[in-house]
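J.: coordinates for the following, if possible.
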Amino acid sequence: MKRIVYFMLAVAMCIGCFAAFSPLASAYRKGHISSYVVWTFYDNGQLKFSGTGTAHFPTITIPSACLENTKEIVLIEGMTGLLFDTQNLPNLEKVTLPSTCTEVRNVPYESFKFKEYVVSAGNNAYKAVDGVLFERNTEENGIYKNTYTLKHYPQNKSNQQYTISSDVTAVGEQAFRNNRNLKKLVFADTVKVIERQAFMDSKALSAVEFPFSLEEMGDSAFRGCSALKSADIVGPIEKLGDSAFYGCTSLERISLPSTLEILGQGCFEGCRSLKNIDLSFVKNIGTNGLYNCHSLESLELPADFASGKPTSYSYCGATNVYDSFLGNNYKLKEIKVDSNNPHYSSVNGVLYSKDKTIIYCYPAGKTDKVYTMLESTLYVSDHTFAGAKCLESLNFYGIQGAFNSFEGNDSLKKLVVKSEAVPFMDFEIPALEVLELSPQIKGIFNLNHFHTCTKLPEELVLPSGIYDFLFTFESFPFKTIYIFKSKELFENGETISPITYCLVNTKERLAAEGIELIRLDEEGKCGENARFTLDKNGKLVIKGSGVVDSYPWQEYPQFIKEVVIDEGISGIGALAFEGCAVKKLSLPSTLTEIDATAFNGCDSLKTVIDRTQEESLVKGNPNLAAATCVRIENGDANGDGLINSIDAAFVLRYDAGILQTIAAGDVSTDGVINSIDAALILKHDAGMF
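T.: Just a heads-up that it's a prediction; the model follows:
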């Protein structure tokens with residue numbers, strides 16, 4: 001009987017013990033990540049690794065559900081390494097390392113609940129102090145030193161201030177990344193290296209006391225530390241890594257030591273509160289080094305400063321793309337340059353290369369509404385006009401630029417391109433309403449540059465030149481493109497190695513995109529002794545003598561907005577301007593005949609300036625009858641309704657070639673306007689006839 005009682009008591013005790021320790025002992029997932037390492041996941045959130053080798057987290061063997069619910073990682077004695085090859089550990093709070101662990105690679109920087117490391121006292125490679133993991137430094141031969149690298153400061157430690165101990169010489173990669181609570185950090189004057197992303201996105205960090213021993217700061221070391229207000233960098237450091245303080249939006253003040261010569265790419269990009277920076281000893285700033293520093297008020301480049309060399313890459317045919325370290329600096333009104341600088345110059349506060357062939361930065365804080373680039377400009381760098389809020393009109397010189405030179409510019413409405421060729425330059429200017437192109441265009445001009453300028457008129461007039469239409473876009477603003485071109489180029493093309501530009505092919509390609517290309521004649525014959533000229537505004541001027549009986553403009557009637565028929569022309573033939581969009585018509589005193597069909601379908605005609613000797617010419621023509629007729633007597637050279645000495649002066653200026661047209665000046669009716677007509681006007685003004 002006693003045996004039975006003892007047996008039952010023993011069973012009960014076993015059951016009780018099992019119940020008490022079931023969270024630790026009851027594994028519901030288990031597997032291998034190699035033939036030497038076994039993982040076991042318990043229902044209390046503990047993930048254990050046992051065996052020999054490195055623990056890591058392949059989802060092919062460890063289910064994601066286990067990783068997502070892991071609270072503690074424990075490496076059993078014998079395990080030699082831990083590799084965080086996943087960030088899918090959202091509930092991780094603790095990591096325990098055995099004495100045999102000699103390698104921890106990466107850190108779980110996205111485990112926002114993580115609080116502490118525990119390391120076995122017998123571990124020679126690592127130690128944990130107050131939950132912070134330190135890795136012992138080694139000699140080249142592998143012998144351990146008595147100094148450490150701070151490997152990982154857990155994200156959810158509650159401390160608001162932390163002082164790095166004097167046995168630490170380096171802060172490891174991502175060591176403090178994503179920390180939520182730390183506000184102040186004090187370095188010991190033994191720290192020489194801050195590795196890449198060491199403090200990245202530590203949002204609460206507002207104060208840092210840098211060490212005098214600092215020699216190296218890696219890429220993105222303090223990137224995204226949005227609460228950091230000042231940084232007094234000291235020590236023998238020579239370079240700040242790429243994006244070292246990128247996005248430190250509260251950073252107002254930065255102090256740099258005399259040893260610091262290089263600021264990496266994007267080093268202070270997005271530091272929108274930074275007002276000033278002393279570059280006295282800096283020799284080079286990488287691309288976007290001070291980009292989007294909205295509060296930057298002043299900038300002076302020292303004599304040894306040499307950033308801004310052309311990059312080695314090619315983009316859409318651009319072989320020399322120049323990087324810029326500036327742009328979108330809304331309060332910067334002027335850039336100063338030491339006169340001894342061999343690479344840069346400042347022209348009225350605008351940053352150019354020394355030889356004035358490259359424009360680097362038009363300070364976004366300048367208040368000028370109109371700016372004319374230097375005629376010597378060949379290249380436009382990245383972000384040159386970015387954020388220039390006051391600039392409304394730009395006279396542009398240059399043959400090549402970048403795709404983001406106008407980034408963030410929403411005020412520029414007028415662009416006058418004076419270059420002979422622009423093979424690559426992306427004019428992404430959303431507010432652009434007026435585009436004027438140089439009549440001197442000779443080389444390739446790429447119209448695809450304007451594909452985002454949706455406020456431009458649907459009609460575009462191009463001067464004679466070579467244009468590239470290799471691509472079209474859904475947002476391409478132009479629906480009708482008029483181009484002053486010879487007939488030969490339309491039909492035969494012109495070769496600019498290695499491409500032959502033929503506008504017949506171009507016309508077909510554009511038509512497939514719903515864009516019409518129409519050839520314009522800049523000048524030509526329109527009668528035996530009559531010639532015409534046509535300008536980009538649709539103004540047609542006819543000069544010479546005799547009858548107008550040839551009409552080349554009938555190929556593009558909707559382009560003709562104004563017609564000026566000069567003195568000497570005597571007749572206008574049948575259907576001469578049929579269907580033209582002419583709004584204003586000027587007739588000479590020498591005109592004696594207008595065919596009744598000459599202006600058929602000219603429904604837009606509003607004003608007729610009539611200098612003819614017979615009023616019946618206009619009044620008797622049914623197609624002109626609906627327009628407003630302004631009668632100008634012969635001799636009223638300026639068309640103000642009076643004939644006086646002012647008109648005589650107009651005639652003399654016309655005779656001298658100063659004026660191209662006048663209202664009515666052939667007083668002698670000999671077909672020529674000269675000093676004789678001026679004399680007759682003066683006699684009329686004096687009452688002599």
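J.: report pLDDT for the residue minimising distance to the centre of the chain.
T.: Nearest to the mean C-alpha position of the chain, by Cα atoms, centre = their mean, lies residue 404 at 2.4 Å. We have a pLDDT of 84 for residue 404.
J.: what residues are up against it?
T.: 382-383, 386, 426, 428 (Cβ atoms under 8 Å, 6 or more residues apart in numbering). To be clear about C-beta, it is placed using only N, CA and C from the backbone, and glycine gets the same treatment.
J.: strands along the stretch 251-400 of the chain, start to end?
T.: For the stretch 251-400 of the chain, applying DSSP state E, counting those that start in this stretch gives strands covering 253-255, 262-263, 284-285, 299-301, 335-337, 344-347, 350-353, 358-361, 370-372, 379-380, 393-396.
J.: buried residues in the longest strand along the chain?
T.: Using DSSP state E, we find that the single longest strand of the chain is strand 144-152. Within strand 144-152, the residues that count as buried by 16 or more other Cβ atoms under 10 Å are 147-152.
J.: helices and strands around it, which ones?
T.: If contacts are counted by 3 or more Cβ pairs under 8 Å, 6 or more residues apart in numbering; DSSP states H and E, strand 144-152 sits against strand 132-138, strand 168-171.
J.: partners of the first one, with directions?
T.: The strands that strand 132-138 pairs with in its sheet are strand 126-129 (antiparallel), strand 144-152 (antiparallel) (by DSSP bridges).
J.: ok, the last one next?
T.: Strand 168-171 has the following sheet partners, assigned by DSSP bridges: strand 144-152 (parallel), strand 193-194 (parallel).
J.: returning to what we had before: want to throw the buried residues of strand 144-152 into TSV with pLDDT and distance to residue 602?
T.: Putting the buried residues of strand 144-152 into TSV (pLDDT from 0 to 100; distance: Cβ to Cβ, whole Å) gives the following:
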residue	pLDDT	distance to residue 602
147	95	92
148	97	90
149	97	85
150	98	84
151	98	85
152	98	82
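J.: still on that earlier bit, just give me the closest of the contacts of residue 404 to residue 163.
T.: residue 383 (40.5 Å; Cβ to Cβ).
J.: looking at it, the closest one is touching residue 322, isn't it?
T.: No: between residue 383 and residue 322 there is no contact under Cβ atoms under 8 Å: 10.5 Å.
J.: name the residues contacting each of those two.
T.: In contact with both residue 383 and residue 322: residue 402, using Cβ under 8 Å, 6+ apart.
J.: the more surrounded of these two?
T.: The residue with more neighbours, out of residue 383 and residue 322, is residue 383; 29 against 23, by other Cβ atoms under 10 Å.
J.: and the residue nearest to the more buried one when sequence neighbours are not counted, what does it touch?
T.: Closest residue to residue 383 apart from its sequence neighbours, by Cβ to Cβ, 6 or more residues apart in numbering: residue 327 at 2.7 Å. By Cβ under 8 Å, 6+ apart, the contact list for residue 327 reads 288, 291-292, 361, 364, 382-384, 386-387, 407.
J.: for the residues you listed, which one is nearest residue 305?
T.: residue 361 (13.1 Å).
J.: how far away is the closest one from residue 496?
T.: Distance, residue 361 to residue 496, using Cβ to Cβ, to the nearest Å: 32 Å.
J.: among those two, which residue is more densely surrounded?
T.: residue 361 (27 against 15).
J.: any idea what that one is bridged to?
T.: Bridge pairing for residue 361 - DSSP bridges - gives residue 351.
J.: ok, it - contacts?
T.: 324, 326-327, 335, 350-351, 381, 383-384.
J.: again, 10 Å this time
T.: Shown in contact with residue 361 (Cβ atoms under 10 Å, 6 or more residues apart in numbering): 290, 299, 308, 324-327, 329, 332, 335, 346, 349-352, 381-386, 388.
J.: kindly report the same for residue 90.
T.: 67-70, 108, 110-114.
J.: how about the helices in the chain?
T.: 2-20, 22-25, 64-68, 487-491, 503-512, 616-619, 645-655, 675-685 (DSSP state H).
J.: the closest residue to residue 566 other than its chain neighbours: neighbouring residues, count only.
T.: Spatial nearest neighbour of residue 566, excluding adjacent residues (Cβ to Cβ, 6+ apart): residue 543 at 4.4 Å. Around residue 543 there are 19 other residues, counting by other Cβ under 10 Å.
J.: return the set of residues that bridge with residue 543.
T.: Bridge pairing for residue 543 (DSSP bridges) gives the partners residue 531.
J.: surely it meets residue 590?
T.: No: counting by Cβ atoms under 10 Å, residue 543 sits too far from residue 590 to count as a contact (11.4 Å).
J.: overlap in contacts of these two?
T.: Shared contacts of residue 543 and residue 590, counting by Cβ under 10 Å, 6+ apart, come down to 565-569.
J.: take those residues and keep only those in strands.
T.: 565, 569.
J.: closest one to residue 170 out of the shared contacts of residue 543 and residue 590, please.
T.: Nearest to residue 170 among the shared contacts of residue 543 and residue 590, with distances taken as Cβ to Cβ, is residue 566, at 85.0 Å.
J.: who's in contact with that closest one?
T.: So residue 566 contacts 530, 541-545, 586, 588, 590, 660-662, 666, 673 (Cβ under 10 Å, 6+ apart).
J.: hmm, try it at 7 Å
T.: By Cβ atoms under 7 Å, 6 or more residues apart in numbering, the contact list for residue 566 reads 541-543, 588, 661.
J.: which of these has the weakest pLDDT?
T.: Among those, residue 661 carries the weakest pLDDT, at 72.
J.: how about that one: what's its closest non-neighbour residue?
T.: According to Cβ to Cβ, 6+ apart, the nearest residue to residue 661 is residue 564 (5.9 Å).
J.: burial measure for the one you found, as a count.
T.: Neighbours of residue 564 (other Cβ under 10 Å): 19.
J.: wait, which of the helices and strands packed on strand 144-152 is closest to residue 646?
T.: Nearest to residue 646, of these and by Cβ to Cβ, is strand 168-171 at 83.8 Å.
J.: how distant is the closest one from the center of its chain?
T.: Using Cα atoms, centre = their mean, to the nearest Å, the distance from the centre of strand 168-171 to the centre of the chain it belongs to is 39 Å.
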